[in-house]
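**Q** How does the following fold in three dimensions:
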Amino acid sequence: MQGFGRGRLKELPLEYWLRVFGDFMTGFGRSMMIPFMLIYLKEAGNFSTWVVTLLTAVPQFFQLFGTSWGGVLADYYGRKPVMFTALVGSGLVLTLMLSPNYLVVYTGYVLFLVISNSYRPAAFAMITDVVPQDLHRDAFAILRTTANLGFALGPLVGSRLFFTHRSMTVSGTILAYALTTCTVFFMRETIEPLSKRSTASPDKGIFSKMQNPFQSFELLKRDKLLLWAVITGVLFLMAQLQMFTSLTVVVNDAFADQGRTLSYLLLINTAGVVVGQIFVTSLTRKIHFYALLSLAIGACALGWGAMILPIGPLRFYLTLILTTIGEMLMAAGYNPFIASLAQEGEVAQYMGFGQTSNILGQMIGPTIGAIGYDLGGQLGYVLILWGLLMATYFSLQVLKTKAESIQGDV
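**A** You can find the predicted model right below:
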């Protein structure tokens, strides 16, 4: 903990700590519902595994709108108004999930993911605004730790309430988002928005900024390092995000206990991050992002491979332990690396690409994993994930080569 050993936590301002509390609350609220949506849709609609993973992948595409708009609007109008609006909107659409009709529940779920996602680019950019650059890794580690503390507790509550008292679960999530909205209300704006700068183009209104739903994606054409960083992140997360998506069905099929064992497995993942993320970040502070992600790929390859070992239920726990280590290694470097590429006035849009990688990975990966599971059982599932991790490694080498080429030209 060298970076924090000299009392440097005092350098983190109130806005950062309010953000930390808000992430704990939203993490707790979201995780009471999201891990169980695949099981709910499969049982309510009597769908096969690949169909329900596809249904939950559809909203991931529309989340890209929220991420793009959130980044553009947060750079132009400021962090606070975008964060506040996204949180209020998320709470309002959650009321649709109180319906007894699973189609209305699904609609509310889609709208919730889209609107809530516009919050993250502004929220991550706010951290880079107020935290010294040499503390970015540590600040994101604390944030991730507290968010995962919420994720560790949420599934334990959700597994006991979601299938029997869904209205109570949804109401709890709405309350969590309401409390997070209050934290944003007391924050100050952390940048001077582009709309208020004398050099900014004339403000034509919020709708002019939303005409192109993928406006921030223009940055990928200009910044090749950003492009390959996103591709690498997407490939890694296509494998890693199986934990909260298709793996829920695999585990539920294996134990048939309405998500009880699943909640314990997710607890291992999230509690592991709570206990270890700050330690892993401190331990790897001097390791470059490329080496960090290589280690993460190796840990995840071993973890997913553990699923086919003849060791009974223990194999699932071993999978979660090893993939959690891989997840922490990747998280220690990915957002700070993206932030380091950003140019002035575009920080929120760049930070939005961390979430873009998450969305694209969850949009594509779980369906591919589910197809492998439907066709080849757990062996087919593991082979698919190994293939994704191999592709991640090759993409990482391309990113590293291009970075070295750019540095050599300078």
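
**Q** how many neighbours does Leu18 have?
**A** 18 (other Cβ atoms under 10 Å). For the C-beta atoms, the positions are set from N, CA and C on the backbone; glycine is no exception.

**Q** Does it touch Val184 like I think?
**A** Yes: counting by Cβ atoms under 8 Å, Leu18 touches Val184, with 7.4 Å between them.

**Q** Could you list the low-pLDDT ranges of the chain?
**A** Applying pLDDT under 70 to the chain flags the ranges 1-9, 194-195, 197-215, 244, 256-260, 262-263, 407-410.

**Q** before we move on, what SS does the most centrally placed residue in it have?
**A** Centroid-nearest residue in the chain: Asn358, 5.1 Å away (criterion: Cα atoms, centre = their mean). Assigned by DSSP: H, G, I helix; E, B strand; the rest coil, the conformation of Asn358 is helix.

**Q** again, but for the one 5 residues further on
**A** What three-state DSSP gives for Met363 is helix.

**Q** Check Thr190 too.
**A** coil.

**Q** Measure how buried it is and give me the count.
**A** Neighbours of Thr190 (other Cβ under 10 Å): 19.

**Q** From Phe61, how far out is it?
**A** Noted for Thr190: a distance of 30 Å to Phe61, by Cβ to Cβ, to the nearest Å.

**Q** before we move on, the earlier item: what sits against the nearest residue to the residue nearest to the centre of the chain once chain neighbours are set aside?
**A** Using Cβ to Cβ, 6 or more residues apart in numbering and skipping the chain neighbours, the partner closest in space to Asn358 is Leu237 (5.7 Å). Leu237 makes contacts with Ser357, Asn358, Leu360, Gly361, Gln362, Gly365, as judged by Cβ atoms under 8 Å, 6 or more residues apart in numbering.

**Q** count of neighbours near the third one?
**A** Around Leu360 sit 24 other residues, with neighbours defined as other Cβ under 10 Å.

**Q** Quick check: it touching Thr67?
**A** No: applying Cβ under 8 Å, one finds Leu360 not in contact with Thr67, separated by 9.9 Å.

**Q** got the contact list for Ala141?
**A** So Ala141 contacts Gln277, Ile278, Val280, Thr281, Ser282, Ala331, Ala332 (Cβ under 8 Å, 6+ apart).

**Q** gap between it and Ile127?
**A** Computed as Cβ to Cβ, the Ala141 to Ile127 distance reads 11 Å.

**Q** how distant is the helix or strand containing Met126 from the center of its chain?
**A** If you go by DSSP states H and E, Met126 is part of helix 119-130. Distance, stretch centre to chain centre, for helix 119-130: 14 Å (Cα atoms, centre = their mean, to the nearest Å).

**Q** cool, and stretch 349-369?
**A** So, by Cα atoms, centre = their mean, the centroid of stretch 349-369 is 8 Å from its chain's centroid.

**Q** Kindly report the same for stretch 155-166.
**A** Distance, centroid of stretch 155-166 to centroid of chain: 22 Å (Cα atoms, centre = their mean).

**Q** One more: stretch 149-157?
**A** Taking mean C-alpha positions (Cα atoms, centre = their mean), stretch 149-157 and its chain are 16 Å apart.

**Q** what residues does that stretch touch?
**A** 23-32, 35-36, 169, 172, 259, 262-263, 266-267, 270-271, 273-274.

**Q** From these, which land in helices?
**A** Those of the contacts of stretch 149-157 mapping onto helices are 23-31, 169, 172, 262-263, 266-267, 270-271, 273-274, per DSSP state H.

**Q** which of those are buried?
**A** 23-31, 169, 172, 262-263, 266-267, 270-271, 273-274 (16 or more other Cβ atoms under 10 Å).

**Q** His288: what's it in contact with?
**A** His288 touches Gly333, counting by Cβ under 8 Å, 6+ apart.

**Q** Pull out the buried positions in the host helix or strand of Val230.
**A** Here Val230 is covered by helix 224-240, with elements defined by DSSP H and E. Going by neighbour count (16+ other Cβ under 10 Å), the buried part of helix 224-240 is 225-240.

**Q** Now do the SS call for Arg285.
**A** Arg285 - assigned by three-state DSSP - is coil.

**Q** likewise Glu344?
**A** The three-state assignment at Glu344 reads coil, by three-state DSSP.

**Q** Next one: it from Tyr350, what distance?
**A** In terms of Cβ to Cβ, Glu344 sits 11 Å off from Tyr350.

**Q** and what of Arg120?
**A** The value you get for Arg120 to Tyr350, if Cβ to Cβ is used, is 12 Å.

**Q** repeat for Lys402
**A** 17 Å.

**Q** Which one's more surrounded, those two?
**A** Neighbours were counted for Lys402 and for Tyr350 using other Cβ under 10 Å; Tyr350 has more, 26 against 15.

**Q** Excluding residues flanking it in the chain, which one is nearest that one?
**A** Tyr350's closest residue in space is Ala342 (Cβ to Cβ, 6+ apart), at 3.6 Å.
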